[in-house]
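Undergrad: Prediction below, plus the sequence it came from.
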Amino acid sequence: MSITLTMPRLSDTMEQGTIIKWNVQEGDEVASGAVVADIETDKATMEMQAYDDGVVAKILVGEGTQVPVGTAIALIAEDGEDPADIDAAPSAAAEAAQVDPTPETPEPSTPAAEAPTAPTPARSAPPASGPGRPRVSPVARRLAEEHGIDLGSLAGSGPGGRIIKRDVLAQVNAEPMAGTVETAVPVPLAAPTAVQEVPALESAAIEVSGMRQTIARRLVESKQTIPHYQVKMRFSMDALIDLRASLNEKLAAEEVKLSVNDFLVRACALAMAEHPMFNASWAGDRILAHRRVNVGVAVSLSEERGGGLVVATIRDANLKSLRMISAETRSLASKARDKGLTTEEMSDATFTISNLGMFGVDDFTAIINPPNSAILACGAAIEQPVVRDHQLAVGWEMAANLSLDHRVIDGAMAARYLATLKSMIEEPMRLLA
Amino acid sequence: MSERTLEFRDALREAMSQEMRANKRVFLLGEEVAEYDGAYKVSRGMLEEFGPQRIIDTPISESGFAGMAIGAAMMGLRPIVEFMSWSFSLVAADPILNNAPKMLYMSGGQFGCPIVFRGNDGAGGQLGSTHSWCVEGMYSNVPGLKMAIPAFADDAKGLLTTAIRDDDPVFFLESERLLALKGHVPEGEHLVPFGQALVRRSGDDVTIVSFGRPVHFCLEAAEALEAEGISCEVIDGRTIRPLDLDTIVRSVKKTNACVVVDQSWSFGSPGSEIAAQIHQACFDDLDNHVMRVHSADVPTPYAWNLEQEYLPNARRIAEAVRSALYVA
Amino acid sequence: MSSLSDPAHATTGGRRPLADRTSATPDELLDWLRQMLLIREFEVRTMQAYQDKKIGGFCHIYIGQEAVAVGCTAAVQHADPIVTAYRDHGHALARGMDPKYCMAEMFGKIGGCAKGKGGSMHMFDKPNNLYGGHGIVGAQTPLGTGLAFATKYIDEVIEGGKSRHVALCFLGDGAVNQGAFYEAKNLAGLFHIPVIFIVENNGYSMGTAIHRGTTMSHRLISKGEAFGIDGYEIEGMDVIDVQREMKAVADKCRETSRPAMVDMKTYRFKGHSMSDPRKYRTREEEEVWEAGDPITRLRDALIEEGLIDDAAFKALNREVKLQVRSSIEWADASPEPDITELFTDVYVEKFGPYLGTSMPQIVTDQENDR
């Protein structure tokens, strides 16, 4: 009888282990006590010892693969056995655990003996992305279509690298991060070659969430594939600030509290009517002009909840009053921070606004949130010296930076859009109509 | 108002007795139903009330008395045939499968078969292989019959009343393990329509569909999974024919994942059929293929631990749910 | 040695005056002759249609056994239910089914008694209390017991009176070895159910001579006696004898609410089914039985009594031939079932793909006539 080596339980809480390195190869002799493999547990990398003498007949689980404790990972031929014979008959369980990274998740009616080994999470298995089509669950395919997500850009976390619902949703959640993180994205994350660890730097490796990975990938993709350029304009905010204060005072009893951002959302949405290319997407060989005007508002999530960004979608923003936009934005933002948004609440934005004014930032640029063609980055309204009627005066000013997809929008178009926006912001009564 | 609580077996009897009082065409026959008060006491006291012409002890002769009852049903009577165990119905396969469900069709609509076959189905407690049949696997294959599998006492009454009034043959599958289960049962007329599944527990992450006794295993698993943060929607199908696919599909469209739990063997079973129908009806809403939990594909064992493992128990259901959600 | 190969009985009878042999009226006697002629002609045309591929599947011909169906049916009341096996055309016609519904059924037409869904082996006629036509050997015996159980239940429990019906359950001699028959007999004996099991003993279960497959074949009624069921042996080639003796049996069963078993000795002149070359029996044996043709015997008896002459017989025969011909024309003209019929009559209730149920023409025509 051959001896089956199984994934050992190397810590009290260990349920799964990853084979970091095999120290033996098929055909090698092993002696009891020899370290045959390095195993990464939930706590540390540990050595795995052999307890019998023999010859390694078959390695069932490759390096880098995570399997549950108890899964057969190798077969040892005992003295007098021909390893070739053993090779021919690995146990069914071992077969399932090792070879096929896409085991149809265990047929629930299979005998109990198989149960521990069957549900091999392929999440950490090397992606089985061969030359063929990506494997995608039906609902993931549908969601990706709905959100215009390129399945080829996703790494599946299901069996055999199957792209599943959560992979698409993570992508959808991550998409909006647009502006605020531009400079924060560590380039190496998405760089083709991994950064080499330099011991002198005493670096700590921080595991990143799926959302973070998606942010990294999507922004690199956006910045690398969209011909970005920026156009900036300063708006005088005096009238808007006065109007806002007056409205908030009058509406305080109704618990309405309009933010500067609410005015911006409405202004951007109304300006679309005159500038439809700002509500459009580059589609390879043509431009898709959208009829619905859905303005996305970037919302940053708390560090305790893993950080990151989502874009909450204010649907049909051009048809909504300031008060409606305000209530909706407030409710979506708090929901995003408390328990997360639904796919519906995050999808279909056609233009995005990123506002860092509340953090005191006065000027920045943002990365376009595909498939949008523009994103508006707004800083804080700042009281500063201004020239009015050839006189030096004190006034409120805000810098608005548009990042644009040059395939869709040319510079003059951007300038005209900003002019429309400027007229609305500086004569804010127009936003009440 | 306090709720009246009855055992499952009493609910069955109440349905039969109420229908027999209301309609003289209804009668009960089977082994030990009369003087012995029923092998499982379902018909206790009925002989006393209805007399030996309507509560009929038969010899151990399933093929004979099942066929005889079908003949009576062709003439417009409404027999209730008790099989002490559905396992014993196998010797009556020809009448119950070749005659009852086909009579209407073969006679071009002239002779229907308003009959109820009822009795214990599935594993009891260590009854061994021959006495533990889950006949829904084989019998649900046959068009022309209806099949009801109650999981709770109120449904036992409501579905059986509907079955007795139904003009088509009804295979009514009870579980010995549920007969003592207590629950609120409405007094008076109580009808549960066929083909209407019930959501026993609402949830968002996965839909679990089952029938009869395993519904309880599903609820147990759902409870355990909630602690892991998995929210399960448990659907009690209640009838296999007709099948309420709409309720199942509506739930799957919400959860995007589904586990079907069926105590019969997996090959060619209600579970495989329902899985196939779900795939057909809402393929694009699925995040994983429909998982199935059945009794193990072996004869029913006697040993306690083997039988427990053989059943589609809560642990196996929970494993399937985790697999379906890629969290295994 | 089977008594069936003894032709002696085939030449007995017919000598005594009719008045000693039957209480039937001349009209009844002529009607029996007409029925037997109808069955004979119908079956001949059935064979022809089968060979013309107008009839598919299995088809079992009743020629030779006409006296049994006609005599037994004449011995009971119309309200008494009848059930039989798959050689059922004769019973259907004897029970009063218009031959056009029977032929259309075999042609697979909507006008068939079962809308073309049953075929040759499954003749049902609700207005005439014929409960099928059943294809599985012996399966109809518990059903027949159930029919009689139901009449008794209705008479006693629902109507609160005395049991006053009998059911006729026909079976072939091949069915006596089926377990279902033994269970049916036990229940009938046990529960005092007025069912009469009529074994149409034609000597062969398909190609197996009775003594090769059945114990006590020389005394089949012993298989009823074991269950406390009275047994009768009746020569089945003479309709007058069949009707007279069956009437006595039925009257007794009706009176006592008890079952009976009849070993009805008969012979099928054709094969088991249309594909049977009959190599298991000799031509000589067939000729002996053919000499005792039940139609010839009744015709001769009626001529002898002066109830009919040659010309009248020919006229009757012509009338029957015309009736069968028009039945065939009617069946030919009847449309094939609409494809939607595939999904009707599966359930009474309409749900899912199933379209509910409706009565066939054989029932609705009757209702319209009323």
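TA: Great, that's in hand.

Undergrad: Show me what stretch B:217-233 is in contact with.
TA: B:199-208, B:210, B:234, B:251, B:254-255, B:261, B:311-315, B:317-318, B:321-322, B:325, B:327 (C-beta atoms under 8 Å, 6 or more residues apart in numbering or on different chains). Any C-beta I mention is one placed from the backbone N, CA and C, and that applies to glycine too.

Undergrad: typo on my end, stretch A:325-332
TA: A:256-259, A:261-262, A:265-266, A:297, A:299, A:312-314, A:317, A:320, A:341, A:345.

Undergrad: Of these, just the buried ones, PyMOL syntax please.
TA: To isolate the buried ones among those in PyMOL, judged by 16 or more other C-beta atoms under 10 Å in any protein chain shown, type:
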select buried, chain A and resi 258+259+261+262+265+266+297+299+312+313+314+317+320+341+345
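
Undergrad: Quick one, which of the contacts of stretch B:217-233 are buried?
TA: Buried among these by 16+ other C-beta under 10 Å: B:200-201, B:203, B:205-208, B:210, B:234, B:251, B:255, B:261, B:311-315, B:317-318, B:321-322, B:325, B:327.

Undergrad: out of those residues, who's near chain A?
TA: B:312, B:317, B:322 (C-beta under 8 Å from any C-beta of the partner chain).

Undergrad: For the second one, identify the helix or strand it belongs to.
TA: Right, residue B:317. helix B:314-324 (DSSP states H and E).

Undergrad: Can I get that helix in CSV, CA atoms only?
TA: Output of helix B:314-324 as CSV, limited to C-alpha atoms (Å, rounded to 0.1, in the frame of the first residue of the first chain):
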residue,chain,number,x,y,z
ALA,B,314,-28.2,19.9,7.9
ARG,B,315,-24.4,19.6,7.8
ARG,B,316,-24.5,18.4,4.2
ILE,B,317,-27.0,21.1,3.3
ALA,B,318,-24.7,23.7,4.8
GLU,B,319,-21.7,22.4,2.9
ALA,B,320,-23.7,22.6,-0.3
VAL,B,321,-24.7,26.2,0.5
ARG,B,322,-21.2,27.2,1.1
SER,B,323,-20.1,25.6,-2.1
ALA,B,324,-22.9,27.3,-4.0
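
Undergrad: in the stretch 101-250 of chain B, which spans are strands?
TA: Assigned by DSSP state E, counting those that start in this stretch, the stretch 101-250 of chain B shows strands spanning B:116-120, B:146-148, B:170-174, B:182-184, B:198-201, B:206-210, B:232-236, B:239-241.

Undergrad: Name the nearest of the ones next to chain A among the buried ones among the contacts of stretch B:217-233 relative to residue B:3.
TA: Nearest to residue B:3, judged by C-beta to C-beta, of these is residue B:317 at 28.8 Å.

Undergrad: gap between the closest one and residue B:263?
TA: Separation of residue B:317 from residue B:263 (C-beta to C-beta, to the nearest Å) stands at 11 Å.

Undergrad: go on, residue C:221?
TA: For residue C:221 relative to residue B:263 (C-beta to C-beta), the value is 48 Å.

Undergrad: The two: which is more packed in?
TA: Neighbours per residue, other C-beta atoms under 10 Å in any protein chain shown: of residue C:221 and residue B:263, the larger number sits with residue B:263, 29 against 19.

Undergrad: Now do stretch A:15-28: everything it contacts.
TA: Contacts of stretch A:15-28 (C-beta under 8 Å, 6+ apart): A:7-8, A:10, A:30, A:34-42, A:45, A:55-59, A:61-69, A:73, A:83, A:121, A:124.

Undergrad: Distance from the chain centre to stretch C:255-262, please.
TA: 19 Å (C-alpha atoms, centre = their mean, to the nearest Å).

Undergrad: Pick out the residue of chain A closest to chain C.
TA: With C-beta to the nearest C-beta as the measure, residue A:138 is the residue of chain A nearest to chain C, at 24.6 Å.

Undergrad: What distance do you get for that residue to residue B:287?
TA: 8 Å.

Undergrad: which of the two has more neighbours?
TA: Set residue A:138 next to residue B:287 and count neighbours by other C-beta under 10 Å: residue B:287 wins out with 27 against 18.

Undergrad: ok, that one - contacts?
TA: So, once contact is read as C-beta under 8 Å, 6+ apart, residue B:287 ends up touching A:137-140, A:164-165, B:256-257, B:325-326.

Undergrad: Likewise for residue B:245?
TA: Counting by C-beta under 8 Å, 6+ apart, residue B:245 has contacts B:274, B:277-278, B:281.

Undergrad: which of those residues are buried?
TA: Buried among the contacts of residue B:245 (16+ other C-beta under 10 Å): B:274, B:277-278.

Undergrad: Next one, pLDDT for the residue nearest the centre of chain C please.
TA: Nearest to the mean C-alpha position of chain C, counting by C-alpha atoms, centre = their mean, stands residue C:91 at 2.9 Å. Residue C:91 carries a pLDDT score of 98 in this model.

Undergrad: Against residue C:82, how distant is it?
TA: From residue C:91 to residue C:82 the distance is 6 Å (C-beta to C-beta).

Undergrad: Which neighbours do the two have in common?
TA: Joint contacts of residue C:91 and residue C:82 (C-beta under 8 Å, 6+ apart) are C:73, C:130, C:170.

Undergrad: just checking, what packs against the strand or helix carrying residue C:184?
TA: Applying DSSP H and E as the criterion places residue C:184 in helix C:179-191. Here helix C:179-191 touches helix B:62-74, helix C:140-153, strand C:195-201, going by 3 or more C-beta pairs under 8 Å, 6 or more residues apart in numbering or on different chains; DSSP states H and E.

Undergrad: got these as TSV, with mean pLDDT, distance to residue B:24 and mean neighbour count columns?
TA: Formatted as TSV, the helices and strands packed on helix C:179-191 follow (pLDDT from 0 to 100; distance: least, C-beta to C-beta, whole Å; neighbours: other C-beta atoms under 10 Å in any protein chain shown):
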stretch	mean pLDDT	distance to residue B:24	mean neighbour count
helix B:62-74	98	13	30
helix C:140-153	98	9	31
strand C:195-201	98	22	29
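
Undergrad: could you flag which of the contacts of stretch A:15-28 are buried?
TA: So, by 16+ other C-beta under 10 Å, the buried ones in the contacts of stretch A:15-28 are A:7-8, A:10, A:30, A:34, A:36-41, A:55-59, A:61, A:65-69, A:73, A:83, A:121.

Undergrad: how about the nearest residue to residue B:20, chain neighbours excluded?
TA: Closest residue in space to residue B:20, ignoring its immediate chain neighbours: residue B:26 at 4.8 Å, by C-beta to C-beta, 6 or more residues apart in numbering or on different chains.

Undergrad: Could you check the pLDDT of the residue nearest to residue C:335 when sequence neighbours are not counted?
TA: Nearest residue to residue C:335, sequence neighbours excluded (C-beta to C-beta, 6+ apart): residue C:110, at 5.3 Å. pLDDT, residue C:110: 97.

Undergrad: How about the contacts made by residue B:295?
TA: A:109, B:123, B:134, B:263-265, B:310-312.

Undergrad: Same check on residue C:314?
TA: Applying C-beta under 8 Å, 6+ apart, no residues qualify as near residue C:314.

Undergrad: would it count as being in a strand?
TA: No - when classified by DSSP: H, G, I helix; E, B strand; the rest coil, residue C:314 is found to be helix rather than part of a strand.

Undergrad: Does residue A:258 touch residue A:245 like I think?
TA: No - using C-beta atoms under 8 Å, residue A:258 is not in contact with residue A:245, being 9.6 Å away.

Undergrad: just checking, which of the contacts of stretch A:325-332 belong to strands?
TA: Using DSSP state E, the subset of the contacts of stretch A:325-332 located in strands is A:297, A:299, A:312-314.

Undergrad: Where does the prediction get shaky in the stretch 251-400 of chain A?
TA: A:304-306 (pLDDT under 70).

Undergrad: How far off centre is the strand or helix carrying residue C:48?
TA: Residue C:48 belongs to helix C:26-51 when assigned by DSSP H and E. Centroid separation for helix C:26-51 versus its chain: 13 Å, with C-alpha atoms, centre = their mean.
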